[in-house]
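Student: Sharing a model prediction with you, sequence too.
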Amino acid sequence: MTTTDSTDAPDTAGTTRKHTALPKARILIEALPWLTRHRGKTVVIKFGGNAMVDDELKAAFAQDVVFLHHAGLRPVVVHGGGPQISAQLDRMGLTSEFKAGLRVTTPEAMDVVRMVLAGQVQRELVGLLNEHGPLAVGMTGEDAHTMTATKHYAEIGGERVDIGRVGEITAIDTGAVQALLDDGRIPVISSVARSADDADAHGVFNVNADTAAAALAAALGAETLMVLTDVEGLYEDWPHSDEVISRLTASELEELLPDLASGMVPKMQGCLHAVRNGVTTARVIDGRVQHSILLEIFTDEGIGTMVVPDEAVSGPEGKQ
Ligand SMILES: Nc1ncnc2c1ncn2[C@@H]1O[C@H](COP(=O)(O)OP(=O)(O)O)[C@@H](O)[C@H]1O
Ligand SMILES: CC(=O)N[C@@H](CCC(=O)OP(=O)(O)O)C(=O)O
């Protein structure tokens, strides 16, 4: 228990308390319009494998998601784990190859993808969230037909290239996710989809986690898609400059898409898909910054890159 020594001048102690309390109160009050605006809204948060830098950052991510939940939002987590999959393949003596930003997924690699995402990364995130109460429930896109996919072919130089068991989502069934949200839970979803083809011997597909998060955000009618990665946002002239584009419309993004490279391609395609299909804003933010989710949702500044539909209307202070 903290007490004030009665020999202290009461006035001094009281004044000090007021001085330290006021900035804290101001921060809470700054969040008020944002709390009002986002209450009851669904937020799909994609946590990229590259953003899961250390234990402290992962714990801060879990705190932010639980904070959103207690603030009355409906957070849904879709997670990646590209580096973790590559590390496991490497340990098994298998090489990782990417084409058009997607992992070339042999049937053998598919087993590893599923094992690492659903058995390792997802379990860890569920555990961290549940340190705050019985909130998180892990699942993959296979569960309750949440994500159904067909084989995806990469387009490279106008050619259609076979990259194995990589899936293109053809249908989303939001029933299980909505039921979990209605029950006050936080769904944590691995980006593995069931095959649309019943005759398919292997039955599952590896879906890029950005693509999966965007498709789910659109199907859920989410207000926000938030993509956490290992850069500050979309750089205007990557890799030559670190000037971040803070806001762009769907049409502006569509123009930029052909010039984008590697990991940013599925992210920005996902953001475009989301805002063109009813999501109010799609944001790419720096997951390496502790509490970046709270900064983005509850403060006037906003960080990273925000994509809005062409007809977007601004929110308090001009931020969405
Ligand atoms: N225009 C760009 N702006 C920012 N990053 C870019 C850009 N183009 C390519 N990148 C690359 O995309 C990477 C993020 O994608 P990725 O590695 O797939 O991350 P994650 O695991 O979070 O999905 C960045 O680290 C950067 O190397
Ligand atoms: C098809 C494809 O590339 N799937 C990804 C799935 C994981 C993922 O997307 O993880 P990040 O978000 O950390 O990149 C992969 O196998 O790496």
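Tutor: Now that the structure is in, tell me what you want to look at. Ligands and ions are numbered 1, 2, ... in the order given.

Student: Contact partners for the residue in the stretch 151-300 of the chain positioned nearest to ligand 1?
Tutor: Nearest residue of the stretch 151-300 of the chain to ligand 1 (CB to the nearest ligand atom) works out as residue 263 at 2.0 Å. Every C-beta, even on glycine, is put in place using the N, C-alpha and C of the backbone. Residues in contact with residue 263 (CB atoms under 8 Å, 6 or more residues apart in numbering) are 50, 101, 229.

Student: and the first one, which of the three is it?
Tutor: What DSSP: H, G, I helix; E, B strand; the rest coil gives for residue 50 is helix.

Student: how much space is there between it and residue 85?
Tutor: 12 Å (CB to CB, to the nearest Å).

Student: any idea how far residue 253 is from residue 259?
Tutor: Using CB to CB, residue 259 is found at 11 Å from residue 253.

Student: Which one's more surrounded, those two?
Tutor: Neighbours per residue (other CB atoms under 10 Å) separate residue 259 from residue 253, with residue 253 holding more: 22 against 9.

Student: host element of that one?
Tutor: helix 250-256 (DSSP states H and E).

Student: just checking, next helix/strand downstream of that helix?
Tutor: Taking DSSP H and E, what comes next after helix 250-256 is helix 264-276.

Student: residues contacting the most centrally placed residue in the chain?
Tutor: Of all residues in the chain, the one closest to the mean position by CA atoms, centre = their mean is residue 46, 1.4 Å from it. Contact analysis of residue 46 by CB under 8 Å, 6+ apart lists 77-80, 209-210, 213-214, 225-228, 270.

Student: make it 7 Å
Tutor: 78, 80, 209, 210, 213, 226, 227, 228 (CB atoms under 7 Å, 6 or more residues apart in numbering).

Student: for these, which one is nearest residue 34?
Tutor: Proximity of the contacts of residue 46 to residue 34 (CB to CB) peaks at residue 226, which lies at 13.6 Å.

Student: And the closest one, its phi and psi?
Tutor: As for residue 226, its main-chain torsions (degrees, to the nearest 10) stand at phi -120, psi 120.

Student: isn't it right next to residue 41, touching?
Tutor: No: look at residue 226 against residue 41 with CB atoms under 7 Å: they stay out of range, at 11.9 Å.

Student: Let me know the distance separating the closest residue to ligand 2 within the chain from residue 263.
Tutor: Among all residues of the chain, residue 80 sits closest to ligand 2, at 2.1 Å; criterion: CB to the nearest ligand atom. For residue 80, the distance to residue 263 (CB to CB) stands at 10 Å.

Student: Double-check that residue 165 belongs to a helix.
Tutor: No: under three-state DSSP, residue 165 sits outside any helix and is assigned strand.

Student: how about the strands in this protein?
Tutor: 42-47, 74-79, 98-99, 102-103, 136-140, 147-156, 159-172, 186-190, 192-195, 204-206, 224-229, 247-249, 281-286, 305-308 (DSSP state E).

Student: ok, residue 50 and residue 85, which is more surrounded?
Tutor: The residue with more neighbours, out of residue 50 and residue 85, is residue 85; 24 against 18, by other CB under 10 Å.

Student: where does the stretch 201-320 of the chain come near ligand 1, residue by residue?
Tutor: Within the stretch 201-320 of the chain, the positions near ligand 1 by CB under 6 Å from any ligand atom are 210, 229, 230, 231, 234, 235, 238, 260, 261, 262, 263, 264.

Student: Try it again at 8 Å.
Tutor: 209-210, 227-239, 260-267, 287 (CB under 8 Å from any ligand atom).

Student: residues in contact with residue 288?
Tutor: Residue 288 neighbours (CB under 7 Å, 6+ apart): 51, 53, 57, 230.

Student: ok, now with 6 Å
Tutor: Contacts here follow CB atoms under 6 Å, 6 or more residues apart in numbering; on that basis residue 288 touches 53, 230.

Student: Excluding chain neighbours, what is closest to residue 230?
Tutor: residue 50 (3.9 Å; CB to CB, 6 or more residues apart in numbering).

Student: nope, residue 44 is what I meant
Tutor: residue 217 (3.9 Å).

Student: Tell me how many other residues surround that neighbour.
Tutor: So residue 217, with other CB under 10 Å, has 32 neighbours.

Student: residues in contact with it?
Tutor: Taking CB under 6 Å, 6+ apart as the definition, contacts of residue 217 comprise 44, 225, 274, 279.

Student: wait, doesn't the first one sit right on residue 213?
Tutor: Yes: taking CB atoms under 6 Å as the definition, residue 44 is a contact partner of residue 213 at 5.4 Å.

Student: okay, those two: which has more neighbours?
Tutor: A direct count of neighbours by other CB under 10 Å for residue 44 and residue 213 places residue 213 higher, at 33 against 30.

Student: Distance check, that one against residue 266.
Tutor: Distance from residue 213 to residue 266, by CB to CB: 10 Å.
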